[in-house]
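Q: following is a predicted model, sequence given first.
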Amino acid sequence: MRSCRGAYTARQCRPRSRQGRLIQRVPTRSRPVRSWNRRHRPLRFALQSPALSGVRRSIGPDGKAHASSRSGRNNTSRTIFAFPAMQRVCARSRLVADWSWRLRLFTSADLVGSTAFKASRSRNRSPEWASTFDEFFGMFPQALDEAYNDLDGCHKCDSRLSPWKFSGDEILFTTVLKDHREVATHLEAFRTLLRSYPHEWAKKKIPLGLKGTAWLAGFPITNRELEIPGAAAPDYIGPSIDLGFRISKFASQRRLVLSADLALMLLNAAVKLGQEDQFDVFLLRRESLKGVVGGKPYPIVWLDVGDQDEEREERLLGIHRKFVLQDMTKFLRDFIDSASGYLIHPFMESDEAYATIPSELEELRQKMKSEESFRGYKDGGEDDHPPTGACTEPKPPGRAAT
């Protein structure tokens, strides 16, 4: 194995994450650090971890952080390194200990033609594209809020889609669902804005468009909420989040791509609200997605946004689409049932129509909740116990740490 600066191996240099706490285990027989390069100079520190809860950490006279068992038995000495990326703060990301059932809707608004637009407008000394992007990131969330106000006859929502984070040329939104009928309101407002917002660019002869994606993610078992030190909003991780990013590549200015469970919920909501003719959901094709449902072909379904150019092109190609509600509903339900080992039907405790919680998930939640509580978490998402130990500069042999 190649060494890092000849003093410690690449495996030793690599920080690891375990249970939300950053720790680094180094083999006992590691070579001592003989030289310190200013650019790659690490710090030694000891960090409290559930995996080492029965171990006492101290910095010995040789300048190394040692670990010994509190029961008196000898324990393997470990030196823990913190490298430049970790030297700024000794804080670490952690999972939010909120064990209430939550179902979130995620949407993505991504720019179309942004790369070519930036390249063409960057020929000038002053990049003209910067002001256009700045306006988009600032005005689109406000325009989405106004789109809710312009809706007529839609189910009233307790909350609205709000920005989660900005990623490149993309804005990600999220909100918590309390009733399955809310998805019809959220998606109608989002779809309306995807269709109307580019009209302002067309008036200015700006060659940009918008494409959208929407999906569901359940918390806190299937997916988890993660707090990042210094971040304004939490991050979300899990297979449902990965699925949303996987299917986003099939979106276009006409196709608002939906996850299968969201499409099924939308159709059920449309029937409940008597709006069957307002939401035409079509099947593009089945596609094998990396890491999704074990490689089984996943249905790429989409909600029609109403792009006139694509509709005209399809008519010229002889493509005529017909939406049949019953057929699409049965197809989506059968697919989710067939992928029971990977997918589950979404549920919400506050909605009678979706209040059925799988027993295995409830048992797993109780087990994980008790384990996290034992590790130091408090119920209700409060802060867990802070880490013990502090970042210290390495001490030369024969000099004890103060």
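A: Received it, and whenever you're ready, just let me know what you need.
Q: any buried residues in stretch 303-312, and which?
A: For stretch 303-312, a neighbour-count test (16 or more other C-beta atoms under 10 Å) marks Leu303, Asp304, Val305, Asp307, Glu310 as buried. Every C-beta, even on glycine, is put in place using the N, C-alpha and C of the backbone.
Q: out of those residues, which comes closest to Ala202?
A: Checking these against Ala202 by C-beta to C-beta gives Asp307 as the nearest, at 12.2 Å.
Q: where's the dip in pLDDT among the buried residues of stretch 303-312?
A: By pLDDT, Asp307 ranks lowest within these, coming in at 68.
Q: what's the longest helix in the chain?
A: helix 129-149 (DSSP state H).
Q: could you pull up the mean pLDDT of that helix?
A: 91.
Q: re earlier: farthest pair within the buried residues of stretch 303-312?
A: Between any two of the buried residues of stretch 303-312 (C-beta to C-beta), the greatest distance is 13.6 Å, for Leu303 and Glu310.
Q: taking the buried residues of stretch 303-312 one by one, which sit in strands?
A: Leu303, Asp304 (DSSP state E).
Q: would you mind putting the buried residues of stretch 303-312 into JSON lines with distance to Tyr354 alongside?
A: Output for the buried residues of stretch 303-312, formatted as JSON lines (distance: C-beta to C-beta, whole Å):
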{"residue": "Leu303", "distance to Tyr354": "20"}
{"residue": "Asp304", "distance to Tyr354": "25"}
{"residue": "Val305", "distance to Tyr354": "26"}
{"residue": "Asp307", "distance to Tyr354": "32"}
{"residue": "Glu310", "distance to Tyr354": "33"}
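Q: looking at the buried residues of stretch 303-312, which is nearest Thr175?
A: Taking C-beta to C-beta as the measure, Leu303 is the one of these closest to Thr175, at 17.4 Å.
Q: the closest one and Gln275: what is the separation?
A: 13 Å (C-beta to C-beta, to the nearest Å).
Q: can you check Ile344 too?
A: 26 Å.
Q: ok, now Ser162?
A: Counting by C-beta to C-beta - Ser162 and Gln275 are separated by 24 Å.
Q: and what of Leu226?
A: Taken as C-beta to C-beta, the span from Leu226 to Gln275 is 36 Å.
Q: got the buried residues for the longest helix of the chain?
A: For helix 129-149, the neighbour count (16+ other C-beta under 10 Å) marks Trp129, Thr132, Phe133, Phe136, Phe140, Pro141, Leu144, Ala147, Tyr148 as buried.
Q: and after it, which helix or strand comes next?
A: Using DSSP states H and E, the helix or strand that follows helix 129-149 in sequence is strand 162-167.
Q: could you list every helix and strand in contact with that next one?
A: Packed against strand 162-167 by the contact rule (3 or more C-beta pairs under 8 Å, 6 or more residues apart in numbering; DSSP states H and E) you find helix 129-149, strand 170-176.
Q: may I see the buried residues of the helix or strand following the last one?
A: When you say that, I think you mean strand 170-176. Downstream of strand 170-176, the next assigned helix or strand under DSSP H and E is helix 182-196. Buried positions in helix 182-196, judged by neighbour count with 16+ other C-beta under 10 Å: 182-195.
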